[in-house]
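Student: Using only what follows, build the 3D model:
(one chain, ligands or ions: 1)
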Amino acid sequence: MKDNTKLGFGTLAIHAGQSPDPVSGAVMTPIYQTSTYAQASPGEHKGYEYSRTDNPTRTAYQGCVAALESAKYALAFSSGLATMDAIMHTLRPGDHVVCCDDVYGGTFRIFDKVFKPFGIQFTFADLSDLKSAGAAFTPKTKLLWLETPTNPMLKVLDIQALANLARSKNALSVVDNTFMSPYFQQPLKLGADIVIHSITKYMNGHSDVVGGVIATSNDEVYKELKFLQNSIGAVPGPFDCFLVMRGLKTLHVRMERHASNAMAIAKYLEKHPKIERVIYPGLESHPQHAVARKQMSGFGGMITFFIKGGLPEARSFLEKVRIFALAESLGGVESLIEHPAIMTHASVPAETRKTLGIHDNLVRISAGIEDVKDLLADLDQALQ
Ligand SMILES: *Cc1c(COP(=O)(O)O)cnc(C)c1O
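Tutor: Residues are numbered from 1 along each chain as shown. Model (predicted):
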C-alpha cells in the first residue's frame, strides 16, 4: 500500500506494511525464519543480508506500526526495555533526562540502575504540573521521557504542552504509549518526537509475546536508532514479528471492548461501599479528565483503585477472584488483576512508592475483553 494517509485505522491495522507474498501469493506475510540471504554477486542482494540488520517479516511489522502511529518509521526490538536501551545509547555521560515520577517500574530500574552509573543524569518530576516540569530541565537536558496515563496511578500528562516545553529547551520528547495504543492516542500528532511501546501489552494483545517498538518521523533520530538497533542487536525473531502482526489486525476492535469493559468496571467500583477511590481517566472524578478528553479518543482498559483497609483486605480480595488472573502485565484479551506494591512496582523504593501513592490497599486491573457481566460478577463475589 502506497498512500496510507486516507485509510482508516482498522484498514491500516490489517493491511499496512503487508502485501501478498511475491513468490506464492500467500496473503499472510510469511515467517522468514532465516538468518542469512543468498547474494547474486558479492554485495548484490535484494535488500536483505543478515537478519539482525533486516528481516522481511520484521519489515512488514515495522511498516504496520509506523502507519498506526502516523510515523515515517518504526523499529522493532525484543522487548519494551530494549527500546529504552537503544534510546538511552543516543546519550552521552553528563547528559540529563527529565522523566515523569510515576513511571513503569522497569523504566525506573533501567534509568536508575543501568544508565545512571554510566553518567546519565535523571530527574523524576511530577509532569502533571507544568511548572514543576519546567523546573526539572537543566542546560544539559537532552530528553523528556513521559508515560501517559502513568503506571499505576493513571495520571494523565498533557502531551502537547510537554512536547512544546521540551522543544523550547532543545530536548527531544519520548512518549511511552503502551497504555493507550495508537488507537486511542497518537503522540507524534501532538508534537512528540518519539513513541515507544511495550508491544507485549495492547499492541500484540494476546499475552504470548514480549517485544517493543519505536516510532518516529524524525530522519536523524531514525538513522541513529536504526544504527543502534543493528549494533546492539536486541531484535525480535521472525516468529514474534508474525505473531505481533496478527495481534495488530484486531487492535481497533480489542481496544473498543477493553475501554467499554473498563468504563463499566470503573463505574461499578466507584459505587461499591468497600472501595475507597477509583482512578480511571474516563471518570469525571479523574483529576485530569479534561486533558484525557482533549488528547485521547478513548480511555483505555486500565483501572486503579484503593480498597478500604490495608494489605490484609487487598490480599483477601485478590485471592478470591476467579476470572481475573492474579498476574503482572496488562493489555491482553484476558482480564488481569495485581498488587503494584508487591508485584509490578516492587523495584520502586518503598519511600518513593509512598510519595507516589502506591499504598498497600492499591489494586490495578487490566480489563480484558470477556463478557462484562461475568467480570462484574467476579469482582462482586470477591468483594463480599
Ligand atoms: C511493560 C511495560 C514496559 C516494558 O516493556 P517490556 O516489553 O516488558 O520490556 C514499558 N512501559 C510500560 C508502560 C509497560 O507497561
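
Student: Can you tell me which residues in the protein are near the ligand?
Tutor: Counting by Cβ under 6 Å from any ligand atom, the chain comes close to the ligand at 79-81, 104, 106-107, 147, 151, 176, 178-179, 198, 200-201, 210, 212. All C-beta spots, glycine's among them, are computed from the backbone N, C-alpha and C.

Student: Please report the distance of Phe122 from Pro149.
Tutor: Relative to Pro149, Phe122 is positioned 21 Å away (Cβ to Cβ, to the nearest Å).

Student: picking that back up, among the residues of the chain next to the ligand, which pair sits farthest apart?
Tutor: Glu147 and Val210 (18.1 Å; Cβ to Cβ).

Student: Between the two, which is the more surrounded one?
Tutor: Glu147 (23 against 17; other Cβ atoms under 10 Å).

Student: Hmm, Thr107 and that one touching each other?
Tutor: Yes. At 7.3 Å, Glu147 and Thr107 qualify as touching, with contact defined as Cβ atoms under 8 Å.

Student: if I look at the two, which residues touch both of them?
Tutor: Common neighbours of Glu147 and Thr107, using Cβ atoms under 8 Å, 6 or more residues apart in numbering, are Asp176.

Student: Neighbours of the residue in the stretch 151-300 of the chain that the ligand sits nearest to, how many?
Tutor: Closest to the ligand within the stretch 151-300 of the chain is Ser198: 3.0 Å, counting by Cβ to the nearest ligand atom. Residues near Ser198, counting by other Cβ under 10 Å, number 29.

Student: what pairs with it across the strands?
Tutor: Gly212 (DSSP bridges).

Student: Now do the contacts for it.
Tutor: 79-81, 104, 176, 178, 211-212.

Student: any chance you could map the strands in this protein?
Tutor: Assigned by DSSP state E, the chain shows strands spanning 73-77, 96-100, 121-125, 141-147, 172-176, 194-198, 212-216, 275-279, 302-307, 325-326, 336-338, 362-366.

Student: Pick out the residue of the stretch 251-384 of the chain closest to the ligand.
Tutor: Counting by Cβ to the nearest ligand atom, the stretch 251-384 of the chain gets nearest the ligand through Leu330, at 6.2 Å.

Student: what's the spacing between Gly10 and the ligand?
Tutor: To the ligand, Gly10 is 24 Å away according to Cβ to the nearest ligand atom, to the nearest Å.

Student: pLDDT wise, what is the nearest residue to that residue once chain neighbours are set aside at?
Tutor: Leaving aside its chain neighbours, Gly10 sits nearest to His252 (4.4 Å; criterion: Cβ to Cβ, 6 or more residues apart in numbering). pLDDT, His252: 98.

Student: All good on my end, thank you.
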